[in-house]
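> no sequence for this one, just the structure:
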């Protein structure tokens, strides 16, 4: 769910609790769908890593599962908004061990995560730059190309 939508839902909850009108002024845009897609992809990448660890390293699996649950197993818009903020922070700080060692040990996946988070962060500022189709296309094409190059390098080395 996009940050703008989460903020609007959180505000709406406050208005309802105070007995205000049940008006929901949020204007849904394509950029919100693009942001939501990024969150879904990040979640899927984390689950994929967790499933690999289940077979290869049960202790690391348990640690990652706890980490994933802290970000995604939430029951309020406010908590999910906080968790999105924490993920943005994790993806924005280069020295974060969590991203490289726990969430995405694959260098290319960690790099994709950071690039995707930069797109989300650019949309979440006071002076937002909406995520566009062109930006999403560039993101995916860049990392598809890098993945192909990495595959070819691996094949050439063997």
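The structure has been received and is ready for your questions. Just so it is clear, the model here is predicted, and its values are computed rather than measured. Residues are numbered from 1 along each chain as shown.

> what's the helix or strand for the nearest residue to residue 114 once chain neighbours are set aside?
Nearest non-adjacent residue to residue 114, counting by C-beta to C-beta, 6 or more residues apart in numbering: residue 91, 5.0 Å away. In this view, the C-beta of every residue, glycine as well, is placed from N, C-alpha and C. Residue 91 is part of helix 77-92, with elements assigned from DSSP states H and E.

> for that helix, buried residues please.
77, 80, 81, 83, 84, 87, 88, 90, 91 (16 or more other C-beta atoms under 10 Å).

> the least confident helix or strand in the chain by mean pLDDT: what's the following helix or strand?
None of the helices or strands of the chain scores lower by mean pLDDT, DSSP states H and E than helix 97, at a mean of 57. Scanning forward in sequence from helix 97 by DSSP H and E, the next helix or strand is helix 107-124.

> what packs against the helix holding residue 91?
helix 3-17, helix 58-72, helix 107-124 (3 or more C-beta pairs under 8 Å, 6 or more residues apart in numbering; DSSP states H and E).

> which one of those lies nearest to residue 24?
Closest of these to residue 24 is helix 3-17, at 5.6 Å (criterion: C-beta to C-beta).

> in which helix or strand does the residue nearest in space to the middle of the chain reside?
Central residue of the chain (C-alpha atoms, centre = their mean): residue 39, 3.8 Å from the mean position. For residue 39, the host element (DSSP H and E) is helix 30-56.

> residues of that helix that come out buried?
Under 16+ other C-beta under 10 Å, the buried positions of helix 30-56 are 31, 32, 34, 35, 38, 39, 42, 45, 46, 49, 50, 53.

> any idea of the mean pLDDT for that helix?
Averaged over helix 30-56, pLDDT sits at 94.

> distance from the chain centre to it, please.
Per C-alpha atoms, centre = their mean, to the nearest Å, the displacement of helix 30-56 from the mean C-alpha position of its chain is 7 Å.

> what do you get for stretch 9-28?
With C-alpha atoms, centre = their mean as the basis, the mean position of stretch 9-28 lies at 25 Å from the chain mean.

> re the thing from before, of all the buried residues of helix 77-92, which comes closest to residue 8?
residue 77 (9.0 Å).

> ok, that closest one touching residue 9?
Yes - contact between residue 77 and residue 9 holds when scored by C-beta atoms under 8 Å: they sit 4.4 Å apart.
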